[in-house]
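Colleague: Compute the structure for the input listed below.
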Amino acid sequence: MHSVEGKVVIITGSGKGVGRGMAHHLGKGGARVVVAEWKPDLMQHTCDELAELGVEHLGVVCDIQQQDQINAMVSSTVERFGHVDALVNNAQTFRPLASIADVSEDDVDVFYRSGVKGTLWAMQAVYPHMRDQQWGRIVNFASSMGITGGRGFAAYNASKEAVRALTRTAAREWAPDGVVVNAIAPAAATHHGAAGQQSEGYRIFIENCPMGRQGDPELDIGPLAWFLCSDACRYVTGHTFMADGGAFMWA
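Modeller: Alright, predicted model coming up:
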């Protein structure tokens, strides 16, 4: 009863990393996956992988900083599959770390446009379809950095907390329409290899994570996305789920 079989799920930024992992996991569960990615080569790579797995899918080049491209992506989804059941707002553009004294206007604008506006625009684009069918699942992406105020991440933190605010507000406003809205704050390996594991941030995370490892995009984040895209979460909305091996605990 908690299957995603046949569900049409849009995943932004699914050309690599966590987005790709969720696409694989949900696709293997029978979901029809829309690979929304701004880099055509990455989009095609994930689509090729899904094709090899026998997953019904649609690849759409989409820059989430452009509202018209988001609207076109959702329109293409509905044209292909007839409806949309779930939206996973995973994509966000990044900028180099900067202390709060040195954060530039460009830093703020890039994070705000890709993280906050991109998330809002995608939510607005799918909402009428979900409202009309009285069933929908929206999964946004937050970060423990925003909650704890991680050093060097001021603009990023502000955008992620704004995304959580949108999540809670949409959860309240859209619950009567059968639309459930939640967020995931993941700690997952988006790039494998020695280089990423030599960073100071990686060392600090591992030292403070009870499970002593980063999450796997498909096996650790994918199942949580599955839960939040299914009927299993029908009575859960407006929450942020910390998928980080216990690195950040709250009550």
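Colleague: Grab the nearest non-local neighbour of Phe94.
Modeller: Spatial nearest neighbour of Phe94, excluding adjacent residues (C-beta to C-beta, 6 or more residues apart in numbering): Tyr156 at 7.3 Å. No exception for glycine: its C-beta is placed from N, CA and C like everyone else's.
Colleague: Using just helix, strand and coil, how would you label Ile204?
Modeller: Secondary structure, DSSP: H, G, I helix; E, B strand; the rest coil: Ile204 is helix.
Colleague: what's the neighbour count on it?
Modeller: The number of residues packed around Ile204, counting by other C-beta atoms under 10 Å, is 12.
Colleague: Next one: it from Phe241, what distance?
Modeller: 22 Å (C-beta to C-beta, to the nearest Å).
Colleague: How about Val181?
Modeller: Remark: distance between Val181 and Phe241 (C-beta to C-beta) = 12 Å.
Colleague: For those two, indicate the residue with more neighbours.
Modeller: The residue with more neighbours, out of Val181 and Phe241, is Val181; 26 against 19, by other C-beta under 10 Å.
Colleague: is it fair to say that one lies in a helix?
Modeller: No - counting by three-state DSSP, Val181 is not part of a helix but strand.
Colleague: distance of it from Met43?
Modeller: For Val181 relative to Met43 (C-beta to C-beta), the value is 25 Å.
Colleague: Could you do Ala165 as well?
Modeller: Here Ala165 is placed at a distance of 30 Å from Met43 (C-beta to C-beta).
Colleague: Tell me which of those two has more neighbours.
Modeller: Applying other C-beta under 10 Å to Ala165 and Met43 shows that Met43 carries more neighbours, namely 21 against 11.
Colleague: who touches the residue nearest to the more buried one when sequence neighbours are not counted in this structure?
Modeller: Take Met43 and drop its neighbours on the chain: the residue closest to it by C-beta to C-beta, 6+ apart is Glu37, 3.7 Å away. Listed by C-beta atoms under 8 Å, 6 or more residues apart in numbering, the contact set of Glu37 reads 12-15, 19, 43, 46, 59-62, 91.
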